[in-house]
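Novice: I need the structure of the sequence given here:
(chains A, B, C and D)
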Number of protein chains: 2
Amino acid sequence: MGRPPRPERSGSRTPAASPSPTRTVDKSRTRRALLDGALALLADRSIDNLAIREVTRSAGVAPAAFYRHFASIDDLGLILVDEAMATLRQLMRDARSDVTAAEDLIQRSVEVLVDHIKAHAGHYRFIVREHFSAVRSVRMAIRQDLRLFATELATDLARQPAVNTWPTADLIMLAEMVVGLMVDTARRLLDVLDDAPDREAELVHDTERRLRYLSQGALSWRPRP
Amino acid sequence: MGRPPRPERSGSRTPAASPSPTRTVDKSRTRRALLDGALALLADRSIDNLAIREVTRSAGVAPAAFYRHFASIDDLGLILVDEAMATLRQLMRDARSDVTAAEDLIQRSVEVLVDHIKAHAGHYRFIVREHFSAVRSVRMAIRQDLRLFATELATDLARQPAVNTWPTADLIMLAEMVVGLMVDTARRLLDVLDDAPDREAELVHDTERRLRYLSQGALSWRPRP
DNA sequence: ATATCGAGTGAACACCTGTTCACTACCGTA
DNA sequence: TACGGTAGTGAACAGGTGTTCACTCGATAT
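Specialist: Residues are numbered from 1 along each chain as shown, chains lettered A, B, ... in the order given. This next block holds a predicted model:
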């Protein structure tokens, strides 16, 4: 998604290239403040209504400073997509080491997902809302990354005995339906959280049932129709 | 959803109540222009970035005229939700009389859905995008109406032999998953239409397969877990 | 010690916004 | 034919917006 080639701490080499270590640290500090401020504002605003001045105000810098870091709001949005997607991949890494050992695989999966959504509500809210964004570039980026995410999930699914003989296309279809369920769960959970928190358990239960339905559906599915 | 009690042509009675027939016709004409203009603008804007002045400009009236018809953009948005949902229910009426007679029920269902989305792209785009709207009242209205729609669909599903012994909760779960598939299909189709029209057939095929998966999943699902 | 670089500043620009106000002009009624 | 109600007007208000500009001023490199 065109993430810039993070300078960071690139060893003691490159003497003439990067300006200096502490200088770039300072720079990345306001950059971070801008990104965090933007994400905070996006909790109840959509990105095509996010004003540059709001973001700089929320980060405590002058409006013009924005342009030292991003070319436009869309540009900043693409970075947020990258970061939110990194969070999603983090979820899958957590799940891999955790879920396979669990007794009830589905129940544990949903539990991990719900905990992750709660712990990174900002990122999930952003993905869920801008999934249908009016800002084309952001919408496209999220869609592409979610597709990629689904193919990664497909390779994980392939380890399950019920489906390990399926052709790739069928695996991906199932994985995409599972990703759709994840996104839908995030959407519903985020609404329940700040609206009717007592319904959380109900939502968790329903999500488990849906995931079970998708999972057991594999038993009566004959690939390659 | 609190639709106002349309005066329209209420017969020759109510002499002192409504102002007059042609007067209200004129009024509803600009009202319609405002709604249509708003919907057109919402093709590439989200509703929390829709300006009253844009709407009135697009409808060819002065800004202040807006307030003769709506209290706010949110208010107008709720009317649009009602109208878009009426379109969705129209889809289901079309499908009922058409699909049951078809040879391949699933293929025909998807065909009807796709045709309907194409014919009412504005409404579907609106529902799909504002489904996750940053405008709370609109988001809630769409969600509630979609839930209602799913329960209606559930009563239709109940006629299918594979599921007609299921408890209501299971039927509703399946119906909600089908509605989710419909919304997702609308989202993907609308993007494909103005982005890579040659991929439409591929999308249709994939949607059919997903619907088949959900449908055949019923065979290995044991209700009341 | 001095020169250079660049992140951040604050003012200024022209523009767009929501909302209010007194007003006009017309239609239906009496 | 005169009257009352009201949809639509256009101007005005106080804001908020994106973007550019010359500038500061501290840290880095020589």
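
Novice: distance of the residue nearest to residue A:135 when sequence neighbours are not counted relative to residue A:90?
Specialist: Spatial nearest neighbour of residue A:135, chain neighbours left out: residue A:48 (4.9 Å); criterion: CB to CB, 6 or more residues apart in numbering or on different chains. Backbone N, C-alpha and C define where each C-beta goes, glycine included. According to CB to CB, to the nearest Å, residue A:48 stands 27 Å off from residue A:90.

Novice: looking at the two, which one has more neighbours?
Specialist: residue A:48 (20 against 14; other CB atoms under 10 Å in any protein chain shown).

Novice: test my guess that the more buried one contacts residue B:45.
Specialist: Yes: proximity of residue A:48 to residue B:45 meets the contact threshold set by CB atoms under 8 Å, at 6.6 Å.

Novice: any bit of stretch A:132-151 sitting next to DNA strand C?
Specialist: No: in terms of CB under 7 Å from any atom of the strand, no part of stretch A:132-151 sits within range of DNA strand C; the closest distance is 14.8 Å.

Novice: hmm, that stretch touching DNA strand D?
Specialist: No: using CB under 7 Å from any atom of the strand, stretch A:132-151 never reaches DNA strand D; the gap is at least 12.8 Å.

Novice: buried set for that stretch?
Specialist: A:132-135, A:138-143, A:145-146, A:149-150 (16 or more other CB atoms under 10 Å in any protein chain shown).

Novice: pull up the residues of chain A that are close to chain B.
Specialist: A:44-46, A:48-49, A:128-129, A:131-134, A:139, A:143, A:173-174, A:177, A:180, A:184, A:187, A:191, A:206, A:209-210, A:212-214, A:216-217, A:219-221, A:225 (CB under 8 Å from any CB of the partner chain).

Novice: from those, list the buried ones, please.
Specialist: A:45-46, A:48-49, A:128-129, A:131-134, A:139, A:143, A:173-174, A:177, A:180, A:184, A:187, A:191, A:206, A:209-210, A:212-214, A:216-217, A:221.

Novice: now stretch A:146-165: average pLDDT?
Specialist: Averaging pLDDT along stretch A:146-165 yields 95.

Novice: who touches it?
Specialist: The contact list for stretch A:146-165 (CB atoms under 8 Å, 6 or more residues apart in numbering or on different chains) reads A:85, A:88-89, A:92, A:96, A:127, A:131, A:166, A:168, A:170-172, A:174-176, A:178-179, A:183, A:218-219.

Novice: in chain A, which helix or strand is least confident?
Specialist: Ranked by mean pLDDT, DSSP states H and E, the helix or strand of chain A with the weakest confidence is helix A:21-41, at a mean of 87.

Novice: which is the next helix or strand following that helix?
Specialist: Next helix or strand after helix A:21-41 toward the C-terminus (DSSP states H and E): helix A:52-59.

Novice: wait, does that following helix contact DNA strand D?
Specialist: Yes: counting by CB under 7 Å from any atom of the strand, DNA strand D has neighbours in helix A:52-59: A:52, A:53, A:54.

Novice: tell me the one of the residues you listed nearest residue B:69?
Specialist: residue A:54 (30.1 Å; CB to CB).

Novice: need the contact list for that closest one.
Specialist: By CB under 8 Å, 6+ apart, residue A:54 lies in contact with residue A:41.

Novice: quick one on the thing from earlier: list residues touching both of residue A:48 and residue B:45?
Specialist: Common contacts of residue A:48 and residue B:45 (CB under 8 Å, 6+ apart): residue A:134.

Novice: find the closest residue to chain B in chain A.
Specialist: Per CB to the nearest CB, residue A:217 is where chain A lies closest to chain B, at 3.0 Å.

Novice: these two touch, right, residue A:181 and residue A:207?
Specialist: Yes: judged on CB under 8 Å, residue A:181 makes contact with residue A:207 at a distance of 7.2 Å.

Novice: have a look at the two and say which one is more surrounded.
Specialist: More neighbours surround residue A:207 than the other of residue A:181 and residue A:207, with 23 against 19 (other CB under 10 Å).

Novice: and the direction of the host helix or strand of that one versus that of helix B:200-217, what angle?
Specialist: Following DSSP H and E, one finds residue A:207 within helix A:200-217. Angle of helix A:200-217 versus helix B:200-217, following axes from the mean of the first three to the mean of the last three CA atoms, to 10 degrees, is 100 degrees.

Novice: what mean pLDDT does helix A:200-217 have?
Specialist: The average pLDDT within helix A:200-217 is 98.

Novice: what's in contact with that helix?
Specialist: So helix A:200-217 is contacted by A:106-107, A:109-111, A:113-114, A:174, A:177-178, A:181, A:185, A:188-189, A:192-193, B:173-174, B:177, B:213-214, B:216-217, B:220-221, B:225 (CB under 8 Å, 6+ apart).

Novice: ok, 6 Å please
Specialist: The contact list for helix A:200-217, computed with CB atoms under 6 Å, 6 or more residues apart in numbering or on different chains, reads A:106-107, A:110, A:114, A:177, A:181, A:185, A:188, A:192, B:213, B:217, B:220-221.

Novice: related to what we said a few turns ago, among the buried residues of stretch A:132-151, which two are most distant?
Specialist: Using CB to CB, the two most remote members of these are A:134 and A:150, lying 23.7 Å apart.
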